[in-house]
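*Asks:* Structure for the following, please:
(one chain, ligands or ions: 1)
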Amino acid sequence: MLVSAKEMLNKAKAGHYAVGQFNINNLEWAKAILLTAEEMKSPVILGVSEGAGKYMCGYKTIVGMVKGMIEGLGITVPVAIHLDHGSYEGAYKCIEAGFSSVMFDGSHYPIEENIAKTKELVAVCNEKGLSIEAEVGSIGGEEDGVIGGGEVASPDECKMIADLGVTMLAAGIGNIHGKYPANWTGLNFEVLAKISEKVGDMPLVLHGGTGIPEDMIKKAISLGVSKINVNTECQLSFAAATRKYIEAGKDLEGKGFDPRKLLAPGVEAIKATVREKIELFGSAGKA
Ligand SMILES: [Zn+2]
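*Replies:* Alright, predicted model coming up:
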């Protein structure tokens, strides 16, 4: 069923596990993630970036597709459709289109403006029963030329944003998007512990979940991280499985060119990645 992320994340925080946000790109992605979450009886969050929203022909297409899948595949676990790194305008578009959750990434605004815009969106989301994620201390990535540490959020700024009534808070703790460089210095647990202490019960979000070592993931969960975003890892496993199929010449055998056959190994690879993450995050059986 389509729900906001509020209840599932509050439960996760109290139960010391994390719910995965898996970003979707098309029908195959959404289907693979929903089926795996159902199989493992895990709550799940489908992440949609603004770019992916455009690619999938708009937010309404996505809501229609996911709602149809929930019904058609008999999905009973809680599912949230969540805007990932939304702009101010993007957040409003998703709210209107029927998303159950949005992230407003105001981390590039001065803190005062981030606060004003977040406050306004919190009021709208509260009224409609949607969850809202805010971000403090921007999360780096290869595309920003960030190598090494990544940005670290100020615990006091985290407290200021948490007090606005957001559902969950993303804080930079040295995590970055995409593949981690060889000289990455790891997550900053000292800052994470301080943020956790300041924000109390507020579920924390860890972006850039691809390539963070398992022990660091577990430690982050123990320090209050209740939502972990996974995107690149599914893309890498999908690409590797598809490459293997083509390189083995399977598309040239019989009806191997049929897209439903050609994309099947990639779908299975996404499922395997999602399964692995749900196990690691501890959300299996929590739906
Ligand atoms: Zn992110």
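*Asks:* could I get the helix or strand hosting Y92 in CSV with only the CA atoms?
*Replies:* When secondary structure is defined by DSSP states H and E, Y92 falls within helix 88-97. Taking C-alpha atoms only, helix 88-97 is exported to CSV below (Å, rounded to 0.1, in the frame of the first residue of the first chain):
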residue,chain,number,x,y,z
TYR,A,88,11.3,23.9,-4.2
GLU,A,89,9.3,23.8,-7.4
GLY,A,90,9.8,20.1,-7.9
ALA,A,91,8.5,19.4,-4.4
TYR,A,92,5.2,21.1,-5.2
LYS,A,93,4.9,19.3,-8.5
CYS,A,94,5.3,15.9,-6.7
ILE,A,95,2.8,16.8,-3.9
GLU,A,96,0.3,17.7,-6.6
ALA,A,97,1.0,14.5,-8.6
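*Asks:* who touches that helix?
*Replies:* The contact list for helix 88-97, computed with CB atoms under 8 Å, 6 or more residues apart in numbering, reads 48, 50, 53, 58-60, 62-63, 83, 86, 102-104, 106, 117, 121, 124-125, 128, 130. (C-beta placed from N, C-alpha, C; glycine too.)
*Asks:* Sort out for me which of these are in strands.
*Replies:* V48, L83, G86, V102, M103, F104 (DSSP state E).
*Asks:* can you give me the strands in the chain?
*Replies:* Under DSSP E, the chain gives strands at 19-23, 44-49, 79-86, 101-104, 131-136, 140-141, 168-171, 176-177, 204-206, 225-230.
*Asks:* so which of these gets nearest K6?
*Replies:* strand 131-136 (4.5 Å; CB to CB).
*Asks:* Pull up the pairing partners for the closest one, direction included.
*Replies:* Each strand paired with strand 131-136, and its direction, by DSSP bridges: strand 101-104 (parallel), strand 168-171 (parallel).
*Asks:* quick one: the helices in this protein?
*Replies:* Counting by DSSP state H, the chain has helices at residues 6-15, 27-39, 50-55, 59-72, 88-97, 111-128, 155-162, 189-199, 214-222, 232-247, 259-262, 264-281.
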